[in-house]
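*Asks:* sequence first, predicted model second:
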Amino acid sequence: MSVLDRDSAALLAQSVAIYAGRPAGSPEDHLAALHEQGWLAAALPEASGGMGFGVDAAAIIAGGLARGQIGEPFTATFLAARVLGLAAPGSDSAKALADAGVLSALAFDEAGAAPVLANADGVLTGTKRRVAGAEAAARLIVTATRDTQPVLVELDATAPGVDARHARRIDGGALTEISFDGAKGTIIASGDIVPQALRQALAETGLVIAAELLAHCDSLRELTLEHLRTRRQFGQSLGGFQALQHKAVDMYLGALLSRSVLDHAITKAAEDLSADDLDRLAFRARARLNDTAMQHVRLSMQLLGAFGTTDESPLGPHIKRVVRLCGWLGTSAQYRARYAALGRVATRNQDRKVTT
Amino acid sequence: MTDTHPSSGSNPDPDTDWNALPEAEFRAHLRRFIDENCPQHLRYVRRRLPPADTLPWYHALAAAGLIAPGWPRIHGGMELSPGRHLVFIEEMDAAGTPWLHDSGVRNLGLAIIAHGTDAQKQRYLPAIHAGDQIWCQGYSEPGAGSDLASLRCAGEIDGDRLTINGQKIWTTSGQHANHMFMLLRTERGTTAHRGITFALVDMATPGITVRPIYNLNDEADFCEVFFDDVTISTDCILGQPHDGWNVARSVLGFERIWAGSPRRARHALGELEAIVAQSGLSGDAVWQDRLVQAEFDTLDAQDLYRTFAELITSDGQVGTEVSALKIFSTETFQRISEWTLEAAGAEGALATDLDSDARSAQPLYTFFESRAPTIFSGTNEIHRNILARRALGLGREDKA
């Protein structure tokens, strides 16, 4: 996994911004463009036909696309591509993604459903929930258990025995529940590498989602500031009222803090961290970005007044996406609980230990 | 240990390039020096000790070339980069070294270096470095706190004499200092920021009265200081007469970062952890969640602190945005201290033992202590006003 230098990062950000600034085409055109740019498979190793890019590049791409409200299906694809890259770089799905932009969706979350079991031939039974990107994906990457062994299975999304039920999300995508009833797939990885790859990919995708959230914060804040500068009440601009100024500053503070936290996390994530430490960084960054994004939703709606509650205001698409992203892979409270389970570290230094 | 001969083999060589040392070596050097030179009875002391108690430690630092981390090397400073300066502070904090009455080093020194005449540099810098001059800052007045430029303490310049009449307040170390740097109104009828003069005053000059003020923790951390026909030489004016606002402003950079340091929040986090455990709340999901929230806020503040430390230029200038750091760090400190007081329950109302080890949890003490940082160095409301105007460009339309 390579880290972008400053110039390459700026170039990448620029080309994403140019693309995202164009009028939106059809979903098919969008997908073709993402593939042509190499962004869809950027996270795959070069040996698999990808670019071998890391979280830093993915964060730039996701953030840039989010500005143009075209975040889908990049981040969901990043999650699947990262698991493939780490656990099964030679799989057909990795190759199809790199060569032809054939989308894979990762099904890993059972959320209380019947666990997905695999037999030695890769035949699956059980149910996965909350699958992201499944409505557009031709391939499914499924975590499963064979005997007591974790395995990773790939199969066609339309294979016999696959039943996908798409529940429409507010931002236009779907949360998909997929039942497998004797669906035939191929085991592409087995053993400890499967949970390890999943864990790392989830942490990294958390940071990519955080980058998307930050971009939506910036859009929401800019729209709000524009309103405060131009809308006049009681003979002056809204921006002249101290109470409103302080609310706007709180948005600015939240975003400044969030950017700093995310930048540090992304920089550190490229270092050789333990799985626990990568999780700690990702969980903290996600909690911060989730909270800041919801703060931006609340305050932008309040400051735009009644218009902010309508489906006609330019806030709408950003708000809907934020709501979706804030619950994806974990809410703030869930991330804090996971962090507590890992163990807090800030007061580890004995010199600073407080006694009672 | 004696006052003037530190037992460590530290190197006071003015050519030492502290920034070139690897960080681990720099830290190890400081730790060793502290271990060998800072006596145990001065470590982790909650109350601010008078200079008489801490001077031996001050002298040891000075002799080893470690007393002025921000000053240029030619004046006996360490010339630390901002990042290295933070490491220095971290090590001093972690080892529980005592608070020094070192406003002369931290605030005034750089202003003298930037604006002083050669004679002033010779007169003040070595004396500050040696700990002979203990300085306090005379900015705030009863009618001029956040709105500092409305200050009224009067200076009348007559030939080579400057006569001072009026009052200063919230003067930290006022009862211990033998010198005060202060802002005076020397011209009336000019715009607020003009007509202010920056003066360097010997507190032994006749006509000065100091009254300590006790805070809710029963500490006399600050004072009010009265000036009644106090006459000094105009040699004591730093920078040009009537241009004191610019002199004061020019050295705010590092101070602003310092005001936003998350060190207080980090200490409060340790205290929250201890009190939650002591109160039998460790297994409680609500308190587990609050502990993580407090840890996140503290670590996030640390990230923001590092971001600004990287942005600060070598001459100590930072942008307006640094107000964000001050706001977030101080409000985090408050939030954590509020939770700690709540976790302590009925025992939270116990009076603080000021002689207790600073590492022992004293929730009420910290709660009160956490109130001041959102007020000093510009209230957080003032900082929000500044950000709204300068960073967001709000409220300017109507004046255009």
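*Replies:* Thanks, I have it.

*Asks:* can you list the low-confidence ranges for chain A?
*Replies:* Chain A contains residues with pLDDT under 70 at A:1, A:349-356.

*Asks:* can you name the farthest residue from the center of it?
*Replies:* Most distant residue from the mean C-alpha position of chain A: residue A:235, 44.0 Å away (Cα atoms, centre = their mean).

*Asks:* could you list the domains of the chain?
*Replies:* With no chain named, the answer covers chain A. A:6-191, A:195-346 (automatic domain parsing).

*Asks:* the intended chain is chain B.
*Replies:* B:23-100, B:135-243, B:252-394.

*Asks:* pick the most deeply packed of the ones you listed.
*Replies:* domain B:252-394 (a mean of 20; mean count of other Cβ atoms under 10 Å in any protein chain shown). Where C-beta positions appear, they are placed from N, C-alpha and C, glycine not excepted.

*Asks:* can you check which of the domains of chain B gets nearest to residue A:270?
*Replies:* domain B:252-394 (15.8 Å; Cβ to Cβ).

*Asks:* ok, back up a step: reformat the domains of chain B as TSV; add distance to residue A:276 and mean pLDDT.
*Replies:* Rendered in TSV, the data for the domains of chain B read as follows (distance: least, Cβ to Cβ, whole Å; pLDDT from 0 to 100):
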stretch	distance to residue A:276	mean pLDDT
domain B:23-100	23	92
domain B:135-243	39	94
domain B:252-394	15	90
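
*Asks:* reformat those as CSV; add distance to residue A:146.
*Replies:* Listed next are the domains of chain B as CSV, based on distance: least, Cβ to Cβ, whole Å:
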stretch, distance to residue A:146
domain B:23-100, 47
domain B:135-243, 64
domain B:252-394, 36
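
*Asks:* with respect to residue A:168, which of those domains lies nearest?
*Replies:* Taking the domains of chain B one by one with Cβ to Cβ, domain B:252-394 is closest: 31.9 Å.

*Asks:* now the end-to-end length of the closest one.
*Replies:* 24 Å (Cα to Cα, to the nearest Å).

*Asks:* how about the helices in the stretch 251-400 of chain B?
*Replies:* Remark: helices assigned in the stretch 251-400 of chain B by DSSP state H, counting those that start in this stretch are B:252-259, B:263-278, B:285-311, B:322-344, B:363-369, B:380-386.

*Asks:* residue of the stretch 1-150 of chain A nearest chain B, please.
*Replies:* residue A:6 (13.6 Å; Cβ to the nearest Cβ).

*Asks:* wait, residue A:325 touches residue A:209, no?
*Replies:* Yes - shown here, residue A:325 and residue A:209 form a contact pair, counting by Cβ atoms under 8 Å, at 5.3 Å.

*Asks:* which one's more surrounded, those two?
*Replies:* A count of neighbours by other Cβ atoms under 10 Å in any protein chain shown puts residue A:209 above the other of residue A:325 and residue A:209, at 30 against 23.

*Asks:* mind putting the helices of the stretch 251-400 of chain B into a markdown table with distance to residue B:18?
*Replies:* A markdown table is the format used below for the helices of the stretch 251-400 of chain B (distance: least, Cβ to Cβ, whole Å):
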| stretch | distance to residue B:18 |
| --- | --- |
| helix B:252-259 | 16 |
| helix B:263-278 | 20 |
| helix B:285-311 | 16 |
| helix B:322-344 | 24 |
| helix B:363-369 | 31 |
| helix B:380-386 | 32 |
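
*Asks:* which among those is found nearest to residue B:392?
*Replies:* Nearest to residue B:392 among the helices of the stretch 251-400 of chain B is helix B:380-386; the distance by Cβ to Cβ comes to 10.2 Å.

*Asks:* which residue is nearest the centroid of chain A?
*Replies:* residue A:209 (3.1 Å).

*Asks:* secondary structure element holding it?
*Replies:* Assigned by DSSP states H and E, residue A:209 belongs to helix A:193-230.

*Asks:* quick one: that helix near chain B?
*Replies:* Yes - among the residues of helix A:193-230, A:225, A:228-229 lie within reach of chain B under Cβ under 8 Å from any Cβ of the partner chain.

*Asks:* which one of those residues has the most neighbours?
*Replies:* The residues of helix A:193-230 next to chain B, ranked by neighbours (other Cβ under 10 Å): first place residue A:228, 25 neighbours.

*Asks:* next, the contact list for the closest residue to it other than its chain neighbours, please.
*Replies:* Spatial nearest neighbour of residue A:228, excluding adjacent residues (Cβ to Cβ, 6 or more residues apart in numbering or on different chains): residue A:239 at 4.0 Å. Residues near residue A:239 by Cβ atoms under 8 Å, 6 or more residues apart in numbering or on different chains: A:225, A:228-229, A:245, A:248, B:388, B:392-397.

*Asks:* before we move on, the earlier item: over to the residue farthest from the centre of chain A: give its phi and psi.
*Replies:* phi 80, psi 10 (degrees, to the nearest 10).

*Asks:* against residue A:241, how distant is it?
*Replies:* 11 Å (Cβ to Cβ, to the nearest Å).

*Asks:* show me what contacts residue A:136?
*Replies:* By Cβ under 8 Å, 6+ apart, the neighbours of residue A:136 are A:27, A:31, A:72-73, A:103, A:105.

*Asks:* which SS class is it?
*Replies:* Three-state assignment for residue A:136 (DSSP: H, G, I helix; E, B strand; the rest coil): coil.

*Asks:* and residue B:80, by the same measure?
*Replies:* Under three-state DSSP, residue B:80 comes out as coil.

*Asks:* do I have it right that it meets residue B:69?
*Replies:* Yes - taking contacts as Cβ under 8 Å, residue B:80 lies within contact range of residue B:69: 4.6 Å.

*Asks:* joint contacts of the two?
*Replies:* residue B:88.

*Asks:* please enumerate the strands of chain A.
*Replies:* Assignment of strands within chain A using DSSP state E yields the ranges A:104-107, A:117-118, A:123-132, A:139-146, A:149-156, A:162-168, A:174-184, A:186-190, A:232-233, A:236-237.

*Asks:* go on, chain B?
*Replies:* Going by DSSP E, chain B shows strands at B:135-138, B:154-158, B:161-172, B:179-185, B:196-202, B:208-213, B:222-233, B:237-238.
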